[in-house]
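Visitor: Coordinates only, no sequence provided:
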């Protein structure tokens with residue numbers, strides 16, 4: 001649920017990048033952080049575990065303007081991808097308003113993508129949230145690997161695996177070089193803002 005401060009006339013929205021380990025969640029946030037330095041309100045904080053990270057920072061979107069006279073601040077988070085850090089993932093999802101699910105197009109990651117999406121569904125239920133009603137954007141990351149020898153999944157397969165029932169917007173992306181990182185971000189911001197409008201008086 002969005003945090004609404006009536007005194008300062010500010011709305012704070014929390015967007016979480018979720019997905020399997022090493023799928024590109026952190027790379028997305030690092031690219032956004034570099035690209036929009038001017039609009040970043042706080043330092044990017046990185047909480048390191050042994051082999052994964054949780055990142056977050058506050059972000060003042062460039063072209064959102066005001067909603068019903070309220071300024072909008074976006075909090076962007078990633079979750080650690082490794083399964084053993086599920087308690088942390090669950091914690092990061094508390095108060096979430098919108099989610100980007102970052103799937104890895106490598107064939108070897110197919111099962112992990114599906115498991116991670118199922119776990120997201122379960123973790124949201126902890127907070128009585130329904131994935132099917134949550135603002136959500138799919139991102140099929142690492143499409144640049146299709147030009148290499150690495151075996152990858154085509155988008156049709158990814159859509160069937162992850163999005164056949166959810167039917168949410170989906171982007172092919174290459175977070176390492178910024179491909180479709182910003183369109184993904186803009187889509188989740190606009191979808192989330194539409195969903196929270198009723199919460200603002």
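Guide: Okay, I see it. Model, not experiment: these values are computed from the prediction. Numbering: from 1, shown residues only.

Visitor: drop to CA atoms for contacts and neighbour counts, all remaining ones
Guide: Fine.

Visitor: Can you list phi and psi of residue 18 for me?
Guide: phi -130, psi 150 (degrees, to the nearest 10).

Visitor: That one contacts residue 88, doesn't it?
Guide: No. With contact defined as Cα atoms under 8 Å, residue 18 does not count as touching residue 88 (11.8 Å).

Visitor: Could you check which of these two has the larger neighbour count?
Guide: Neighbours per residue, other Cα atoms under 10 Å: of residue 18 and residue 88, the larger number sits with residue 18, 27 against 14.

Visitor: Strands of the protein, residue ranges please.
Guide: Ranges of strands in the chain, per DSSP state E, are 3-5, 10-18, 45-48, 53-59, 71-78, 98-104, 136-141, 170-173.

Visitor: you'd agree residue 89 is up against residue 79?
Guide: Yes. With contact defined as Cα under 8 Å, residue 89 reaches residue 79; the gap is 5.3 Å.

Visitor: These two: which is more packed in?
Guide: Higher neighbour count among residue 89 and residue 79: residue 79, with 26 against 23, using other Cα under 10 Å.

Visitor: Retrieve the pLDDT associated with the more buried one.
Guide: pLDDT, the model's per-residue confidence, is 83 for residue 79.

Visitor: again, but for residue 141
Guide: Per-residue pLDDT puts residue 141 at 98.

Visitor: Same question for residue 196.
Guide: 87.

Visitor: Find the residue closest to it in space, skipping its chain neighbours.
Guide: Distances taken as Cα to Cα, 6 or more residues apart in numbering put residue 2 closest to residue 196, at 6.9 Å, once the chain neighbours are dropped.

Visitor: How many residues are close by the one you found?
Guide: Burial of residue 2 is recorded as 19 neighbouring residues (other Cα under 10 Å).

Visitor: any idea how far residue 111 is from it?
Guide: Distance, residue 2 to residue 111, by Cα to Cα, to the nearest Å: 33 Å.

Visitor: Repeat that for residue 19.
Guide: Taking Cα to Cα, one finds residue 19 at 12 Å from residue 111.

Visitor: so residue 116 touches residue 20, yeah?
Guide: Yes. Using Cα under 8 Å, residue 116 is in contact with residue 20, at 5.6 Å.

Visitor: Neighbour count: those two, which is higher?
Guide: Each of residue 116 and residue 20 has its neighbours counted (other Cα under 10 Å); residue 20 has more, 25 against 21.
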